[in-house]
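In: coords please:
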Amino acid sequence: MNIVSIGGGPAGLFFAILMKRADPSHRIRVIERNQPNDTFGWGVVFSDETLGNIAEADPPTTEAIMRAFAHWDDIDIHYRGEVLTSTGHGFSGMSRVKLLSILQARAAALGVELEFEREVTDLADFGDADLILAADGVNSRLRETYAAWFRPELDFRPNKFIWLGSTLKLSAFTFIFKEDAHGLWRVHAYQFDEQHSTFIVETTDATWRKAGLEQASEDDSVAFCERLFADELAGHRLLKNRALWRNFPIVRCGHWSHENIVLMGDAAHTAHFSIGSGTKLAMEDSIGLAEALGRHRTVPDALAAYEAERRPQVESTQRAAQTSLQWFEETERYNGTLEPIQFAMSLLTRSLRITHENLKRRDPGFVARVDRWFAAQAANQSGVNVAAEPPPPPMFTPFRLRDLVVPNRVVVSPMCQYSAEDGMPNDWHLVHLGSRAIGGAGLIMTEMTDIARAARITPGCAGLYKPEHAEAWRRITDFVHASSPAKIGVQLAHAGRKGSTKLLWDGIDEPLETGNWPIIAASSLPYLPHSQVPKAMDRTDMDQVRDDFVRAAQYAETAGFDLIELHFAHGYLLASFLSPLTNRRADDYGGTLNNRARFPLEVFDAVRAAWPDGKPISVRISATDWVPGGFDGADAVGLAKLLKAHGCDIVDVSTGQTTVEAKPAYGRLYQTPYADRVRHEAAIPTMTVGNISSYADVNSILVAGRADLCVLARAHLYDPYWTRHAATEQGYALPWPNQYVSVAGYQPRFA
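Out: Presented below is the predicted three-dimensional model:
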């Protein structure tokens, strides 16, 4: 093959090495616009896992890299006068210039043609090439030239950063958080050779401007940072290398190839430096493309396979990097709010990839310290004695809401069963909820339980609008209370414009073909184009709905529920007032957030007045509509503050389902950052829900302060005893009911 790489960074060079190694007859040219030793930045970081991938692809390159490495296991976190250290992380740093020289030497030795200081503006000179790599970096000219095919999206993040070097030798990957009169500054620093370290300084745009750095020269910026971090630098200097304040660009592309041109490395995608994955992604791109070319006979087939296989891996890393960079963008939220040990845990688990369990394997001493601290906090908050030595797993600590003490932090999510008749719960509901109470969860939530016959989503939805309903629910709550330490709550709701539809398995959100009932909403907007059009509520409708909620709350007390949750989410009736996408009213109940929240808060106040003072009320919200111009994170914080002022005890933070136009960014724990934001910015306890599937996730969320309770849905459908199994796997003894005492000590075998 005749291959040309436009760009001589790690992606282009390593790909050239791999292809020459596979077949020396390939003609491969690497053309770089800069000189051989020109580079932005100072050091690069590799995890032990990444080194393993590179070693398998080309052992000589790996051996040369490892000889140049500075290796460390520790992470040091400087925060509010303390230095917290976590070990066992296994990273290596090296000079970026040294990495390039190793790759250049290896490529040249294999016969790759290297050409420097040549700017490629036209591909006409390479008409004979079978494959052209657009490996020309984040500011790729080839990507922009063929933008119509590659469909690039660039997102320049708001924080400012400057990439400096230092003569300071560091024994750990070091994070420094330091305040001055202008605001909070963050440092990402690590040693990359015997004499030097990378020293990246980051801050918000507002702090940067307040410090007067907008017009600062390179020397002025270096001098400012040396003064700011004089204590940490201990007399060492900061070094410049095109040291300009920048905004980090996130690069994503709709397609990675066009004809025989393929994007690689930063030209195709970027990942924030806070997870150190730029060089890793570039070199793993090289491995993936070389392997695809080895498996497929034609270049188009190979490029298609390369993208199909590589894109999910890259996008997974980008999701983790996005969560990580947002943590650093929003560090002010945690600074001074979290105690040092919890701040450190929040930092270490910021990408949501590193969990409590990962850290326990890496650094059991650090995690034991975290768990002891968390257990003490739980004991103080709940008023319940919690063992300090050994402390329980965080998920098995109690949590108090008014007079209610939830025995552990696991919640069975409200999950509609569509198995009632005229709202009446039956044996299915008894077994469904009762088995999960015996299964060990601390709080069991009913499915969305409707306050009136016309408030149902489907004919099969459960209700609490007749005295007989309260009696039937009492049978269930009595079983839960008599057979387990679990508490049980009822989620009260009105379906609004999403009502009068088919059962889930007959067609979710599809209108009934017969037997429809009238529906109401904040505005006369159908959910689907062919859905029934709701009536826009007038004051009479509002009074009736409010009174229906009050009646349901009174029935909930008769039924023996421990907690009420009001459903302000997922596009149902009260949510339809909150979102500007579904509330088009011109009266006092439309417009600003305060106006849109007016009627939902009227309902909350009426229910709070009717519900015993010692029993808590939760509210489920959709923290974002996932639609531009819709309800968003700032609205969620504003609403949570209003709810807190009205006496809400905890906010159950979900997202979406407001409109069919929503485009959620799904992924592991994808809704947890919203619960985190609401918890800290509104200063109210939160529950988090959404793709939580492991006890490691639950423990991580809790100890990092991202939420107070964790709500699991599908995990509990799959395994009613999920919580008990999580306890067993962690070596924690969760008491069994007397009827099941013979299971004590039983070890299941599946093979």
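In: low pLDDT regions in the protein?
Out: For the chain, the stretches with pLDDT under 70 are 40-41.
In: buried set for the longest strand seen in it?
Out: Longest strand of the chain, by residue count under DSSP state E: strand 152-166. Within strand 152-166, the residues that count as buried by 16 or more other Cβ atoms under 10 Å are 152, 157, 159-166. (Each C-beta comes from the backbone N, C-alpha and C, glycine too.)
In: turn these into CSV, including distance to Ser92.
Out: Below are the buried residues of strand 152-166 laid out as CSV (distance: Cβ to Cβ, whole Å):
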residue, distance to Ser92
Pro152, 32
Arg157, 27
Asn159, 26
Lys160, 28
Phe161, 22
Ile162, 24
Trp163, 19
Leu164, 20
Gly165, 17
Ser166, 18
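In: pull the residues that contact stretch 625-637.
Out: If you take Cβ atoms under 8 Å, 6 or more residues apart in numbering as the criterion, stretch 625-637 is touched by 578-581, 593, 621-624, 653, 655-656, 658-659, 661-665, 674, 677-678, 681-682.
In: show me which of those residues are buried.
Out: By 16+ other Cβ under 10 Å, the contacts of stretch 625-637 give 578-581, 593, 621-624, 653, 655-656, 658-659, 662, 674, 677-678, 681-682 as buried.
In: what's near enough to touch Trp149?
Out: Counted by Cβ under 8 Å, 6+ apart, Trp149 has contacts 255, 258.
In: helix or strand: which one has it?
Out: Taking DSSP states H and E as the criterion, Trp149 maps to helix 147-150.
In: mind saving the C-alpha coords of that helix as CSV?
Out: C-alpha atoms of helix 147-150 as CSV (Å, rounded to 0.1, in the frame of the first residue of the first chain):
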residue,chain,number,x,y,z
ALA,A,147,-16.1,19.3,6.8
ALA,A,148,-19.2,18.5,4.7
TRP,A,149,-18.4,14.8,4.9
PHE,A,150,-16.7,14.6,8.4
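In: name the residues of that helix that are buried.
Out: Under the neighbour-count criterion of 16+ other Cβ under 10 Å, helix 147-150 has 149-150 buried.
In: quick one: distance of that helix to the chain centre.
Out: 29 Å (Cα atoms, centre = their mean, to the nearest Å).
In: same check, this time on stretch 66-74
Out: 30 Å.
In: which residues touch that stretch?
Out: 46, 51, 85-95, 98-99, 102, 170-173, 190-194.
In: among those, which are in strands?
Out: Using DSSP E, these in strands are 46, 85-86, 91-95, 173, 190-191.
In: on that earlier part again, now for the buried residues of strand 152-166: which two are most distant?
Out: Largest separation among these by Cβ to Cβ: Pro152 and Ser166, giving 33.9 Å.
In: just the buried residues out of the contacts of stretch 66-74, in PyMOL syntax.
Out: With 16+ other Cβ under 10 Å as the criterion, this PyMOL line picks the buried residues out of those:
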select buried, resi 46+51+86+87+88+89+91+92+93+94+95+98+99+102+170+172+173+190+191+192+193
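In: wait, a strand at Leu525?
Out: No: with DSSP: H, G, I helix; E, B strand; the rest coil as the criterion, Leu525 is assigned coil and is not in a strand.
In: not counting sequence-adjacent ones, nearest residue to it?
Out: Once flanking residues are discounted, Leu525 sits nearest to Thr582: 6.0 Å by Cβ to Cβ, 6 or more residues apart in numbering.
In: correct me, but that neighbour touches Leu573?
Out: No: between Thr582 and Leu573 there is no contact under Cβ atoms under 8 Å: 10.0 Å.
In: what sits against the residue nearest the centre of the chain?
Out: Among the residues of the chain, Tyr670 comes closest to the average C-alpha position under Cα atoms, centre = their mean, at 4.3 Å. Residues in contact with Tyr670 (Cβ under 8 Å, 6+ apart) are 655, 664, 690-691.
In: at 6 Å what do you get?
Out: Tyr670 sits next to 690-691 when contact means Cβ atoms under 6 Å, 6 or more residues apart in numbering.
In: which residues of the stretch 651-751 of the chain fall in helices?
Out: For the stretch 651-751 of the chain, applying DSSP state H, counting those that start in this stretch gives helices covering 672-681, 695-703, 714-718, 722-729.
In: these: which one's closest to Met448?
Out: That would be, of the helices of the stretch 651-751 of the chain and by Cβ to Cβ, helix 714-718, which comes in at 15.3 Å.
In: ends of stretch 115-131, how far apart?
Out: 17 Å (Cα to Cα, to the nearest Å).
In: make residue 1 into 15 and carry on from there
Out: I'll keep to 15 as the first residue from here, and by that count the last item is stretch 129-145.
In: and Ser433, how far from Pro473?
Out: Ser433 sits at a distance of 11 Å from Pro473 (criterion: Cβ to Cβ, to the nearest Å).
In: err, Pro74, not the other one
Out: 70 Å.
In: cool, Ile715 as well?
Out: From Ile715 to Pro473 the distance is 37 Å (Cβ to Cβ).
In: looking at these two, which is more packed in?
Out: Neighbour totals were compared for Ile715 and Pro473, and Ile715 leads with 28 against 18 (other Cβ atoms under 10 Å).
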